[in-house]
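Enquirer: coords please:
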Amino acid sequence: MNDLTPQFNERGVGKLPGHLGLVFTEVSALEVRGELAVLPHTMAPNGFLHAGSVVTLADTACGYGCVANLPKDATGFTTIELKSNHLGTALEGTIDCVAKPAHIGRTTQVWDAVVTHRDTGKTIALFRCTQMVLYRKQ
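Expert: Numbering: from 1, shown residues only. Coordinates of the predicted model:
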């Protein structure tokens with residue numbers, strides 16, 4: 001855990017990341033690591049891990065990475081596109097996410113994330129998102 005990580009975990013309290021139980025173990029400009037325990041509230045009605053739970057973990061990891069890379073004069077960001085390929089699922093255990101930047105620009109960032117099952121090492125999803133960096137009008 002680095003110096004930024006506790007403040008990012010605190011950001012999620014009372015919001016969707018906190019509600020789902022996302023925990024981030026590393027947040028830096030070059031890599032974000034997070035995890036999610038597979039529990040009843042993360043499941044779909046069919047009994048498998050809900051795709052939305054997986055996307056929330058990956059999108060939040062990428063978003064926290066974007067924040068760690070915002071230019072000094074930026075006021076925030078918004079996700080403008082995301083894509084996920086779901087290659088597996090989980091019934092129990094913990095899923096892990098590693099997000100890394102593919103492009104860090106002044107107006108956009110592109111992040112890739114891989115979500116895996118901790119116990120089996122099986123890839124659950126591949127994820128890519130593009131964020132637009134926001135600036136306040138002068």
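Enquirer: Now do the helices in the chain.
Expert: Applying DSSP state H to the chain gives helices spanning 5-11, 16-20, 51-68.
Enquirer: So residue 5 is in contact with residue 31, correct?
Expert: No. Proximity of residue 5 to residue 31 does not meet the contact threshold set by C-beta atoms under 8 Å, at 11.4 Å. Glycine gets a C-beta too; all of them are placed from N, C-alpha and C.
Enquirer: the more surrounded of those two?
Expert: Using other C-beta atoms under 10 Å, the more surrounded residue of residue 5 and residue 31 is residue 5, with 19 against 15.
Enquirer: how close does the residue nearest in space to the middle of the chain get to residue 137?
Expert: Note on the chain: the residue nearest the mean C-alpha position is residue 61, at 2.3 Å, using C-alpha atoms, centre = their mean. The gap separating residue 61 from residue 137 is 30 Å, by C-beta to C-beta, to the nearest Å.
Enquirer: With residue 128 instead?
Expert: 29 Å.
Enquirer: okay, these two: which has more neighbours?
Expert: Using other C-beta under 10 Å as the criterion, residue 128 and residue 137 rank with residue 128 on top: 17 against 4.
Enquirer: can you tell me which residues contact the more buried one?
Expert: 82-84, 102, 110-113 (C-beta atoms under 8 Å, 6 or more residues apart in numbering).
Enquirer: now residue 36
Expert: By C-beta under 8 Å, 6+ apart, residue 36 lies in contact with 20-23, 42, 53, 57, 94-95, 97.
Enquirer: one more time with 6 Å, if that's ok
Expert: Contacts for residue 36 (C-beta atoms under 6 Å, 6 or more residues apart in numbering) come out as 22, 57, 95.
Enquirer: Out of those residues, give me the one that has the most neighbours.
Expert: Counting by other C-beta under 10 Å, top hit in the contacts of residue 36: residue 57 with 29 neighbours.
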